[in-house]
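S.K.: whatever this is, show me its structure:
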Amino acid sequence: MTQFYADAKQDQFVANILNFKNDGYCVDIGSNHSIISNNTYVFQDSDWTSISIESDGVYNESYSTRKNGVHLNENALEVDYKKIFEEYEFPKSIDYLSLDVDTVSLSVLRILPLHEYRFKVITIEHDQYLYGDTYREPQRQLLQSHGYLLLCSDVYAEQPGYEGKECPFEDWWIDPSEFSGELIEKIKCDKTLPSVIISKFS
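M.R.: Next up is the predicted model:
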């Protein structure tokens, strides 16, 4: 049985919707520790190539376990994404983008080369429970303008200090051209727990 590591089942969702694909490509911006609570570590066992970006150098050593790709201890707003994608020969259609850098997720989204590269699946933090529509709405407008489909909106999980409350913190998107209409209708949901999304695959 596959062991997953993400706090809110992002990795399990991606693995399922991509049918446990091998030899994929992922970009993990705000990757934190390479293993603990990580959204992309599980894919190294399927020979994925990963680009992980984390500004906190305390996690650098944890990335020694990664097989393919690169870990960048850099500010996510200062990375030349197109250059990195080209250097590591990423395809124009990348399997997974995890964007989790708190209040700068929108700013990072704006500097990604979205006109040249597509992402099959995107999980992006907006922390609506803290900031309302400040980040969520412009994120949605930008991704929709690039043809992405909001598959699971306002995914929520329990947050420290908010026990017992619904705390919408992420949106989960797909490139609709990569998936069947039947699968999209089966999975599409609003304001729900990650476990509910995952259960739709069974």
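
S.K.: report the contact partners of Phe179.
M.R.: 17, 120 (Cβ atoms under 8 Å, 6 or more residues apart in numbering). For the C-beta atoms, the positions are set from N, CA and C on the backbone; glycine is no exception.

S.K.: phi, psi of the closest residue to Lys191 other than its chain neighbours?
M.R.: Take Lys191 and drop its neighbours on the chain: the residue closest to it by Cβ to Cβ, 6 or more residues apart in numbering is Asp154, 4.3 Å away. Main-chain torsions, Asp154, degrees, to the nearest 10: phi 50, psi 50.

S.K.: any idea how far Asp154 is from Asp171?
M.R.: 7 Å (Cβ to Cβ, to the nearest Å).

S.K.: the residue nearest to Lys191 and Ile198: what is the separation?
M.R.: 16 Å.

S.K.: and the two? Which one has more around it.
M.R.: Neighbour count, other Cβ atoms under 10 Å: between Asp154 and Ile198, Asp154 has more, with 20 against 16.

S.K.: who's in contact with the more buried one?
M.R.: Contacts of Asp154 by Cβ under 8 Å, 6+ apart are 128, 168, 170-171, 190-192.

S.K.: run the last query once more with 7 Å
M.R.: 128, 168, 171, 190-191 (Cβ atoms under 7 Å, 6 or more residues apart in numbering).

S.K.: the helices in this structure, which residues?
M.R.: 10-17, 81-87, 105-111, 128-131, 133-145, 181-187, 194-199 (DSSP state H).

S.K.: coming back round to it: and the contacts of Asp154, which is closest to Gln144?
M.R.: For those, the residue nearest Gln144 by Cβ to Cβ is Asp171; the value is 10.8 Å.
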